[in-house]
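Chemist: Just need the structure, nothing else, for what follows:
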Amino acid sequence: MAQVKTSDGVNLHVDDAGGEGLPVVLIHGWPLSGAAWEHQAQALKAAGYRPITYDRRGFGNSDKPAGGYEYETLAADLKSVLETLDLDRAVLVGFSMGGGEVARYIGNYGTDRIAAAVFAAAIPPYLENTEDNPDGPLTQDVAEGMESGLRADRESFFDEFTTNFFSANGTLMVDETARQAAIALARQSDQTAALGCMEAFGTTDFREDLPKIDVPTLIAHGDADAIVPLEGSGQRTHEAVANSQLHVIKDGPHGITDSHAPEFNEALIGFLDGLNT
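Modeler: Below you'll find the model as predicted:
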């Protein structure tokens, strides 16, 4: 375990497995923490890679400042992680909200330190349903309902959210222990951070970032994702990133890194192994 200090003085909690393997930076979803990557960190380490997770500001064991919950700052935080650990040829893996950091980091800073990118059930290219983004899956009514629900009763909101997070076609795809573990991680989030990041992932447009991705890219998405639908996000990201690979997980909910961990890990490690051939 380590800490990385961001450019504005926020301490981020980092877990770095170390080793000589290709570094794989795992960027968690909302409202969880780096601990949500447990299945992937173990598999990557066993396969000879160097998994690195960190808790986004406001979540997990990182500092919980009053601000900085927009993607310009979050991408700069990722830059601080890469530079402090002096990572070269890093693979960025962004789950859900974390896909936004991957897109905006590359959009702002390029790929000098980056070997590849992975979007897992990720939010790009643009969730918000607007006049110029009619395929955006997040309508204003749904966004307002999420915000009001989180403000009114965090516990009830997280209970319902994690159920939808892990459900495909109305069926819970993980056991109750896994769902409760996700709720426990969500409880660690700061309310200001949770609300700020909810606004960020719901309203940030990554459509100009994606064409700048010039490294091998994998998009993995469940075809039954009720939180970030495949058609509105993963499929469109695949179309926007030149020469990207799309891996669709049949009956996969939003939380594919838990519900379909073996399939997801096989696809991820297979993609990483291919970088060396």
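Chemist: By mean pLDDT, flag the weakest helix or strand of this structure.
Modeler: For the chain, counting by mean pLDDT, DSSP states H and E, strand 2-5 ranks last in confidence among helices and strands (a mean of 93).
Chemist: by contact count, what packs against that strand?
Modeler: Packing contacts for strand 2-5, counted by 3 or more CB pairs under 8 Å, 6 or more residues apart in numbering; DSSP states H and E, involve strand 11-16, helix 71-84. Yep, even glycine has a C-beta here, placed from its N, CA and C like the rest.
Chemist: a markdown table for those, including mean pLDDT and distance to residue 52?
Modeler: As requested, those are exported to a markdown table (pLDDT from 0 to 100; distance: least, CB to CB, whole Å):
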| stretch | mean pLDDT | distance to residue 52 |
| --- | --- | --- |
| strand 11-16 | 98 | 5 |
| helix 71-84 | 98 | 8 |
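Chemist: one step back: would you mind pulling the contact partners of the least confident helix or strand of the chain?
Modeler: Residues from elsewhere that reach strand 2-5 (CB atoms under 8 Å, 6 or more residues apart in numbering): 11-16, 54, 80-81, 84-85.
Chemist: Residue 156: which element?
Modeler: Here residue 156 is covered by helix 154-165, with elements defined by DSSP states H and E.
Chemist: Out of the contacts of strand 2-5, the closest to residue 248 would be?
Modeler: Closest approach to residue 248 among the contacts of strand 2-5 (CB to CB): residue 54, at 28.2 Å.
Chemist: Show me where the stretch 1-150 of the chain has its strands.
Modeler: Taking DSSP state E, counting those that start in this stretch as the test, the strands found in the stretch 1-150 of the chain are 2-5, 11-16, 23-27, 50-54, 90-95, 114-120.
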